[in-house]
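I would like the atomic coordinates for the input below:
(chains A and B)
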Amino acid sequence: MLRGLAGPAVAHSLLTEPCWLGFAARCEARCGRGSHIMTWIDKALDGCPPQVVINDSKTPSGRAHVGSLRGVLIHDALARVARERGLDTTFMYGCDDMDAVDEIPHGTGKQFVEHLGKPLWAAPAPEGLRGDSMAEAYFGEFTGKWFGAADSQVGDTPGPFDALGVQAEFYRMSDVYRSGRLDDVIDTFLQAAADVRQIYLRLSGAERSDDWLPFQPICERCGRIGTTYATDYDGETVAYECRPDLVDWASGCGHRGRISPFGGNGKLPWKLEWAAKWKLFGISIEGAGKDHMAASGSHEVSSALARHVLQCPVPVAVPYEFFTLGGAKMSSSRGIGMNSSGLVEMLPPQLLRYLVLRTQPRRSINFDLDVPSLTKAFVEYERLWRSAAGSDASESQRQLFDVAQAEEGAPIPIVPTVDARFDSVLSLTQQPHMSLFGHVRSIHGDVSEADADWLACKETTAEEFIRVRPDLAGMFRMLNVSEAAEQRSMLDERQHRFLARLAQRLTELSPWEARDIQDAIFDAARDVGIDPKTDAPVVFEAIYGVLFGSQTGPRAGSLLAFLGKRETLTRLG
RNA sequence: GCGCCUCUAGCUCAAUUUGGCAGAGCAACGGACUCUUAAUCCGCAGGUUCUGGGUUCAAGUCCCAGGGGGCGUACCA
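Numbers count the residues shown, from 1 in each chain, chains lettered A, B, ... in the order given. Coordinates of the predicted model:
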């Protein structure tokens, strides 16, 4: 598309995308040549008017899993770069609390059966979660934003959004409906019900009967919104029936009545609501998960509704793929996958932002939460850090590093000089006798504040990792004396002789130091005719067996050094 | 059916957004180390970038066609 010099692209942009020019000029001023960056962020913003309204939203029907973070971070990165370009930028984040409870949230009991079909704001909060409704509880947990005045605690709490440095203007759809701001759009859609049916039919082959209206009233008798069928709009009210069999996940009460569709008495179906938000808020850019972006999917239908019924422009779409953890498909309703607050607590915010934002949205991200992947992530982030701080950084590298920082607009932090691989930090952290900082000082001398801070980030990550995945971290529980005796009985003759000989050597050992202990292990092995070169496992399985009931463990020398002479000799028998 | 993603060293993947000498980690191989572990150090190799066309001074990267794999989606938001 862009070939040779930038001439044709500039000419094209002049015609269609005015804000591109300002940016190109600034970029040229900054790097002193005609090159410009054109990342997915730039491309999305190039289609925007100078007044940028970015919107994202979440249906709070369960605990948010890490996949939900991708949309948030994509929108946040767009908002940051837009602001950086000097554009008038708004980042809105909505709580879709008018949506119906359409399944029982994972981890909650049968008591939610009676609430199926009600709006999320009308269902109670699950046990143990803060908030006065299901919507409040899950949205608050994810964002740290608490709307509810009835809640005993006051104000917002630091949540994942705060940790990640995401600043958005929050709104609730229930408030928007109640305020009457959507009444005009609702009226338009109801008047144009035939067109809406036509669009549904044409795009997704969905056939609706002639009396169907695109509106879901809240049943005045049972309070459900997912079970009502509306007909006969007279400009003031709609007729509706709360049907027992409209959907198979909830059962309506059978009530019939007439009600005004305005002022929060009900909601628009999803695809119409999406288009309605575009028009009401003047949204210029909005990403969407791939599930919405399929051909004849919800985005296409919403676009057609916006263009043909509401006569409003469709925001620039940023379709994004899923973000999976360990290759597992995540589902908040089934409780699969780590919830987002867990990952946010574990990783330094800039690392998580980096991991998510370095991949262009259309490509899927799979992050394995294991030692090699974490180690690699830190190494790659540090490489970008060094390069961003140096003079050889490309514009796109700079942009990526900037949007990865938790604090917007912060200067580039001092690059750490202590080279501490995450797997080494993890290894040190899991051995209580070792102090990470003590160890680093013994090698590097005093460390700078910048190094100490970054090291502390890694240590926190290591501690969380050990807590969450002790199996992968290689944590070992020390056996008690009787368990150790039991393990000892399972060893073979050679191993018994080895342990006896080792005890003998260690008794004589002074001073009690890791390196000498390790040597003693090898010497003891040779003493009893075991060649450590070929039969090392025989030796170490004996040691780890009586200590942990395991075949492997932390480096034996330093471990025994920590255990102390008396304790070690007791355990070896 | 339709849409999106993907195919690169034995394996897992970078480099595809910005076309510019195809790169890491692990495994293998050679060597060092009397120190086991997903965990010592040095070194050496490793490629028709799925296939076929096209654009270009230049293509893993862009375009067209074909093949393999994955995911999404069809009156729920």
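
who touches the host helix or strand of A:Phe91?
Using DSSP states H and E, A:Phe91 maps to strand A:88-95. With contacts defined as C-beta atoms under 8 Å, 6 or more residues apart in numbering, strand A:88-95 is touched by A:50-58, A:60, A:72, A:75-76, A:79, A:82-83, A:135, A:139, A:143, A:145, A:147, A:167-173, A:277, A:281, A:283. Glycine gets a C-beta too; all of them are placed from N, C-alpha and C.

Buried ones from those, can you make that a PyMOL selection?
A single PyMOL command is used to select the members of the contacts of strand A:88-95 judged buried by 16 or more other C-beta atoms under 10 Å:
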select buried, chain A and resi 52+53+54+55+56+57+58+60+72+75+76+79+82+83+135+139+143+145+147+168+170+171+172+173+277+281+283
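
What about the contacts of strand A:88-95, which are in helices?
The helices, defined by DSSP state H, take in A:Val72, A:His75, A:Asp76, A:Ala79, A:Ala82, A:Arg83, A:Ala135, A:Phe139, A:Thr143, A:Met173, A:Lys277, A:Phe281 from the contacts of strand A:88-95.

I'd assumed A:Val53 was in contact with the last one.
Yes - at 5.8 Å, A:Phe281 counts as touching A:Val53 under the criterion of C-beta atoms under 8 Å.

Contact residues of the stretch 101-250 of chain A facing RNA strand B?
By the rule C-beta under 7 Å from any atom of the strand, the part of the stretch 101-250 of chain A lying against RNA strand B is A:Asp102, A:Tyr200, A:Ser204, A:Gly205, A:Ala206, A:Glu207, A:Arg208, A:Gln216, A:Gly226, A:Val247.

residues near the residue of the stretch 1-150 of chain A found nearest RNA strand B, how many?
RNA strand B sits closest to A:Met38 of the stretch 1-150 of chain A, with a gap of 2.4 Å, by C-beta to the nearest atom of the strand. A:Met38 has 17 neighbouring residues, counting by other C-beta atoms under 10 Å.

Relative to A:Arg80, how far out is it?
Separation of A:Met38 from A:Arg80 (C-beta to C-beta, to the nearest Å): 17 Å.

about what we covered before: tell me the neighbouring strands of the strand holding A:Phe91, and mark each as parallel or antiparallel.
Strand A:88-95 pairs in its sheet with strand A:51-58 (parallel), strand A:169-172 (parallel), by DSSP bridges.

Can you dump the C-alpha atoms of it in CSV for me?
Provided in CSV are the C-alpha atoms of strand A:88-95 (Å, rounded to 0.1, in the frame of the first residue of the first chain):
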residue,chain,number,x,y,z
ASP,A,88,-10.1,15.7,22.4
THR,A,89,-10.6,12.2,23.7
THR,A,90,-13.2,10.5,25.8
PHE,A,91,-12.9,6.9,26.9
MET,A,92,-16.2,5.5,28.1
TYR,A,93,-16.7,2.2,29.8
GLY,A,94,-20.2,0.9,30.2
CYS,A,95,-21.9,-1.5,32.6
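
Next, the buried residues of it.
The neighbour-count check on strand A:88-95 (16+ other C-beta under 10 Å) flags A:Thr89, A:Thr90, A:Phe91, A:Met92, A:Tyr93, A:Gly94, A:Cys95 as buried.

is RNA strand B contacted by it?
No - against RNA strand B, strand A:88-95 shows no contacts by C-beta under 7 Å from any atom of the strand, the least distance being 11.0 Å.

Before we move on, what's the pLDDT of A:Ala484?
Model confidence at A:Ala484, given as pLDDT, is 76.

Repeat that for A:Asp184.
96.

likewise A:Ala317?
Predicted confidence (pLDDT) for A:Ala317: 90.

how near is it to A:Leu502?
Taken as C-beta to C-beta, the span from A:Ala317 to A:Leu502 is 67 Å.

more crowded one of those two?
The neighbour comparison of A:Ala317 against A:Leu502 (other C-beta under 10 Å) goes to A:Leu502, with 25 against 17.

Not counting the host helix or strand of the more buried one itself, show me its contacts.
Using DSSP H and E, A:Leu502 sits within helix A:493-508. If you take C-beta under 8 Å, 6+ apart as the criterion, helix A:493-508 is touched by A:488, A:491, A:517, A:520-521, A:523-525, A:527-530, A:538-539, A:541-543, A:545-546, A:560, A:565, A:568-569, A:572-573.

ok, 10 Å please
For helix A:493-508, the surrounding residues in contact (C-beta atoms under 10 Å, 6 or more residues apart in numbering) are A:488-489, A:491-492, A:512, A:516-517, A:519-521, A:523-530, A:535, A:538-539, A:541-543, A:545-546, A:560, A:565, A:568-573.

Restrict the residues you listed to the buried ones and give me that as a PyMOL selection.
Typed into PyMOL, the line below selects the buried ones among those, using 16+ other C-beta under 10 Å:
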select buried, chain A and resi 488+491+516+517+520+521+524+525+528+530+538+539+541+542+543+545+546+560+565+568+569+571+572
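
filter the contacts of helix A:493-508 by proximity to RNA strand B?
A:Asp519, A:Arg526.

So which of the contacts of helix A:493-508 sit within helices?
Applying DSSP H to those, the entries found in helices are A:488-489, A:516-517, A:519-521, A:523-527, A:535, A:538-539, A:541-543, A:545-546, A:560, A:565, A:568-572.

just the helices in the stretch 351-500 of chain A please.
Taking DSSP state H, counting those that start in this stretch, the helices of the stretch 351-500 of chain A run over residues A:371-389, A:395-404, A:422-429, A:436-444, A:449-468, A:470-473, A:481-489, A:493-508.

how far does the second one sit from the chain's center?
It refers to helix A:395-404. Its chain's C-alpha centre and that of helix A:395-404 lie 20 Å apart, by C-alpha atoms, centre = their mean, to the nearest Å.

Also the first one?
The offset between the C-alpha centroid of helix A:371-389 and the centroid of the whole chain comes to 19 Å, using C-alpha atoms, centre = their mean.

burial of the nearest residue to A:Leu426 once chain neighbours are set aside, as a residue count?
Excluding its sequence neighbours, the residue lying closest to A:Leu426 (C-beta to C-beta, 6 or more residues apart in numbering) is A:Ala462, at 4.4 Å. When counting by other C-beta under 10 Å, one arrives at 24 neighbours for A:Ala462.

For A:Ala462, give me the pLDDT.
87.

Kindly give a single PyMOL line that selects the buried subset of the residues of the stretch 101-250 of chain A next to RNA strand B.
Here is the PyMOL selection string for the buried members of these, based on 16+ other C-beta under 10 Å:
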select buried, chain A and resi 200+204+216+226+247
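
Between the residues of the stretch 101-250 of chain A next to RNA strand B, which sits nearest RNA strand B?
The shortest approach to RNA strand B among those belongs to A:Ala206, at 3.5 Å (C-beta to the nearest atom of the strand).

so who does that closest one touch?
Counting by C-beta under 10 Å, 6+ apart, A:Ala206 makes contact with A:Arg197, A:Ile199, A:Tyr200, A:Ser296, A:Val301.

does it count as helix, strand or coil?
Under DSSP: H, G, I helix; E, B strand; the rest coil, A:Ala206 falls in the coil class.

re earlier: now tabulate the buried residues of strand A:88-95 in a markdown table and tack on pLDDT.
Below are the buried residues of strand A:88-95 laid out as a markdown table (pLDDT from 0 to 100):
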| residue | pLDDT |
| --- | --- |
| A:Thr89 | 96 |
| A:Thr90 | 96 |
| A:Phe91 | 97 |
| A:Met92 | 96 |
| A:Tyr93 | 96 |
| A:Gly94 | 95 |
| A:Cys95 | 96 |
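
Just give the closest residue to A:Ala484, not the sequence neighbours.
Per C-beta to C-beta, 6+ apart, closest to A:Ala484 is A:Val546, 4.9 Å.
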